[in-house]
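Novice: Using only what follows, build the 3D model:
(one chain, ligands or ions: 1)
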Amino acid sequence: MKSLSHITESFTESVIREMTRSCDAAGGYNLSQGFPDFECPDELKEAAIRAIRDGRNQYPVTFGEPELRAAVCAKAARYNGLVADPGTDVTVTCGATEAMIATMKALINPGDEIVVFEPFYENYGPDAILSGATPRFVPLRGPDWSFDGDQLAAAFGPRTKAIVVNTPNNPTGKVFTRQELDQIAQLCLKWDAVAVTDEIYEHILYDGARHVSMATLPGMADRTVTINSISKSYSVTGWRVGWAIAARRLTERIRKVHDFLTVGAPTPFQHAAVVALGFPDAYYEALCRRYAEARTFLIDVLERAGFRCAAPRGAYYVMADYGALAERLGASDDTSFSRRLIETTRVATVPGSSFYSRAGNRTGQVRFCFCKRWETLRAVRDSFRERLLPGGE
Ligand SMILES: Cc1ncc(COP(=O)(O)O)c(C=O)c1O
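Specialist: Residues are numbered from 1 along each chain as shown. This next block holds a predicted model:
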């Protein structure tokens, strides 16, 4: 048989999936995959059921049901201060995941480069490969995950087509400041590049951190693709509804790619998403409070168990140094540490190297996520107490 596609040869199975499988087999606690193990609001379930009963069961308008596009623009105006026309500037997609690949496919020509901060959300690597872009990585350095302005400037050049910015950030919890976004914007303007911003955690913020949308910076409205979805803000990662907001010239291309990739996002869930986007501020305040408490709880558990970690300013992940525990668990690198941790404590994590292009499994870090029920988080605490601390606590 002739060989299959060369580009997909380099794709490895996501380590998160391997960890999830081992975790399920061990009946363990999955702090690897970023999905809530608690229920979404009842109101949303009712809205989805109502949409199905009301006969919203056929193909949607390919680039998004009009009610949802209107709701996306109204919410972006209210929360982000972003002006967008539902008729020309929005594409509803199957999650932020599809919004990102559709955007890349719409932008990239052979030889184009994209700038990506590293560590990065796992999908951006394959997205670059599938779209034919050459990624130029710029390091974010812990514990505050800042970047060096000179290194960023050096990553831009005449071939730069776009930069991907994920704020609040997975896996680091970094929330890019207005000043940092401004530095990035200046480079986009200088090199005629597009900013593709993944703002899926925009509502999950701590310690007074503020979310700033790149598209609202001077000169950036026409050259930013703002990506978002209902997955994280409303705890419905399985519904697969997201969107890209961009100026008409960009949206026309994104819509074409989207049409051929997936035709449309699930119709009934688009209608339920309209209800989600209408939630009052109190909903988001409660969400933040809930996650802030989980963050404090998990960091305490981790530090008592011997990890070292800096508190994230947004999203629901903690990157933790496991150095003090490596010998005890007989781990030689971050992947073997994650495997040994599941075997020893039944707690699943993600090796830090999953978020780097070439870390060789030696980041010395693993990522924990805390969008989990109290019951799960307490079980993790008890397991660490029993199995990681010498003689228990
Ligand atoms: C930064 C980031 N972007 C996108 C996604 C996927 O979003 P969606 O479920 O909307 O496809 C995730 C999921 O973990 C994520 O962390």
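Novice: what does the stretch 151-300 of the chain have sitting close to the ligand?
Specialist: Contact residues, the stretch 151-300 of the chain versus the ligand (Cβ under 6 Å from any ligand atom): 166, 170, 198, 200, 229, 231, 237, 242. (Glycine included, C-beta is placed from N, CA and C.)
Novice: Can you say which two of these are spatially most distant?
Specialist: 166 and 237 (16.4 Å; Cβ to Cβ).
Novice: The two - which one has more neighbours?
Specialist: Between residue 166 and residue 237, counting by other Cβ atoms under 10 Å, residue 166 is the more crowded of the two (25 against 17).
Novice: Closest to the centroid, which residue in the chain?
Specialist: With distances taken as Cα atoms, centre = their mean, the residue of the chain nearest its centroid is residue 170 (5.2 Å).
Novice: Now do the contacts for that residue.
Specialist: Residue 170 makes contact with 34, 121, 201, 315, 317, according to Cβ atoms under 8 Å, 6 or more residues apart in numbering.
Novice: In the protein, what residue lies closest to the ligand?
Specialist: Residue of the chain nearest the ligand, by Cβ to the nearest ligand atom: residue 95 (2.5 Å).
Novice: neighbours of that residue, just the number please.
Specialist: Residues contacting residue 95 under the criterion other Cβ under 10 Å number 22.
Novice: Now do the nearest residue to it once chain neighbours are set aside against residue 27, distance only.
Specialist: Once flanking residues are discounted, residue 95 sits nearest to residue 242: 4.2 Å by Cβ to Cβ, 6 or more residues apart in numbering. Note on residue 242: its distance to residue 27, by Cβ to Cβ, to the nearest Å, is 32 Å.
Novice: Who has more neighbours out of those two?
Specialist: More neighbours surround residue 242 than the other of residue 242 and residue 27, with 26 against 7 (other Cβ under 10 Å).
Novice: so the residue nearest to residue 95 sits right up against residue 230, yeah?
Specialist: Yes. Between residue 242 and residue 230 a contact is recorded at 7.2 Å, counting by Cβ atoms under 8 Å.
Novice: what's the residue nearest to residue 95 sitting at in phi/psi?
Specialist: Dihedral angles of residue 242 (phi, psi; degrees, to the nearest 10) stand at phi -140, psi -170.
Novice: list the contacts for it?
Specialist: Neighbours of residue 242 in contact, by Cβ under 8 Å, 6+ apart: 92-99, 200, 227-231, 265.
Novice: now do residue 198
Specialist: By Cβ under 8 Å, 6+ apart, the contact set of residue 198 is 96, 100, 121, 164, 165, 166, 167, 227, 228.
Novice: Tell me which of these fall in strands.
Specialist: In this view, these that belong to strands under DSSP state E are 164, 165, 166, 227, 228.
Novice: what's near enough to touch the last one?
Specialist: If a contact means Cβ under 8 Å, 6+ apart, then residue 228 has 72, 96, 99, 198, 199, 200, 202, 242, 243, 245 as its contacts.
Novice: Grab the nearest non-local neighbour of it.
Specialist: Spatial nearest neighbour of residue 228, chain neighbours left out: residue 199 (5.2 Å); criterion: Cβ to Cβ, 6+ apart.
Novice: Please report how far that neighbour lies from residue 366.
Specialist: Distance from residue 199 to residue 366, by Cβ to Cβ: 25 Å.
Novice: neighbour-wise, which of these two wins?
Specialist: Here residue 199 and residue 366 are compared on neighbour count by other Cβ under 10 Å; more neighbours surround residue 366, at 32 against 25.
Novice: Confirm the more buried one sits in a helix?
Specialist: No. Checked against DSSP: H, G, I helix; E, B strand; the rest coil, residue 366 lies outside a helix; its state is strand.
Novice: beta partners for it?
Specialist: For residue 366, the beta-bridge partners under DSSP bridges are residue 320, residue 351.
Novice: who's in contact with it?
Specialist: By Cβ under 8 Å, 6+ apart, the contact set of residue 366 is 319, 320, 322, 334, 337, 338, 341, 349, 350, 351, 352.
Novice: Tell me how far it lies from residue 225.
Specialist: Residue 366 is 31 Å from residue 225, by Cβ to Cβ.
Novice: so what's the residue nearest to residue 228 scoring on pLDDT?
Specialist: The pLDDT attached to residue 199 in the predicted structure is 98.
Novice: cool, residue 387 as well?
Specialist: Listed pLDDT for residue 387 reads 91.
Novice: Give me the neighbour count for it.
Specialist: The tally of other residues near residue 387 (other Cβ under 10 Å) stands at 16.
Novice: That one contacts residue 345, correct?
Specialist: Yes. With contact defined as Cβ under 8 Å, residue 387 counts as touching residue 345 (4.7 Å).
Novice: Residues touching the worst-scoring helix or strand of the chain on mean pLDDT, excluding its own?
Specialist: Least confident element among the helices and strands of the chain, by mean pLDDT, DSSP states H and E: helix 6-9 (a mean of 84). Taking contacts as Cβ under 8 Å, 6+ apart, the residues outside helix 6-9 that touch it are 129, 130.
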